[in-house]
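J.: Requesting a structural model of the entry that follows:
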Amino acid sequence: MKKGIILVKMELTSPSCPLPEVIISRVKKVIIELEGVDFVTVQIERNRRWSPDMMTEEGRRMLDNIQ
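T.: Residues are numbered from 1 along each chain as shown. Here you go, the predicted model:
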């Protein structure tokens with residue numbers, strides 16, 4: 001990260017996800033509110049297929065709490 005500049009690379013859970021623009025917009029909205037952040041870029045990585053094995057333990061707990 002350069003000072004104040006954030007690059008987020010993420011995968012969608014499905015290649016046919018109909019909402020990538022909405023997801024990108026919401027990610028940017030949350031991150032730009034963080035102290036010290038001036039610019040956010042979000043890239044969707046289409047080369048890899050997402051799987052639950054890629055989740056952190058914290059991510060798994062968060063998902064369990066909303067299900």
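
J.: which helix of this protein spans the most residues?
T.: Counting residues, the longest helix found in the chain (DSSP state H) is helix 20-32.

J.: Run through the strands of this protein in chain order.
T.: For the chain, strands defined by DSSP state E occupy the ranges 5-10, 39-44.

J.: Could you say which one of these comes nearest to residue 58?
T.: Between residue 58 and the strands of the chain, the tightest spacing by Cβ to Cβ is seen for strand 5-10, at 15.9 Å. In this view, the C-beta of every residue, glycine as well, is placed from N, C-alpha and C.

J.: And that closest one, what does it pack against?
T.: Packing partners of strand 5-10 (3 or more Cβ pairs under 8 Å, 6 or more residues apart in numbering; DSSP states H and E): helix 20-32, strand 39-44.

J.: May I ask which helix or strand of the chain has the lowest mean pLDDT?
T.: Sorting the helices and strands of the chain by mean pLDDT, DSSP states H and E puts helix 57-66 at the bottom, at a mean of 86.

J.: Where does pLDDT dip in this protein?
T.: Scanning the chain with the threshold set as pLDDT under 70 gives 1, 67.

J.: Residue 3 versus the most centrally placed residue in it, what's the distance?
T.: Ranked by distance to the mean C-alpha position of the chain (Cα atoms, centre = their mean), the top residue is residue 10 at 5.0 Å. Computed as Cβ to Cβ, to the nearest Å, the residue 10 to residue 3 distance reads 22 Å.

J.: same deal with residue 9?
T.: As defined by Cβ to Cβ, residue 9 lies at a distance of 19 Å from residue 3.

J.: Between these two, tell me which one has more neighbours.
T.: Higher neighbour count among residue 9 and residue 3: residue 9, with 10 against 7, using other Cβ atoms under 10 Å.

J.: need the contact list for the more buried one.
T.: Contacts for residue 9 (Cβ atoms under 8 Å, 6 or more residues apart in numbering) come out as 43, 45.

J.: and with 10 Å instead?
T.: Residue 9 makes contact with 41, 42, 43, 44, 45, 48, according to Cβ atoms under 10 Å, 6 or more residues apart in numbering.
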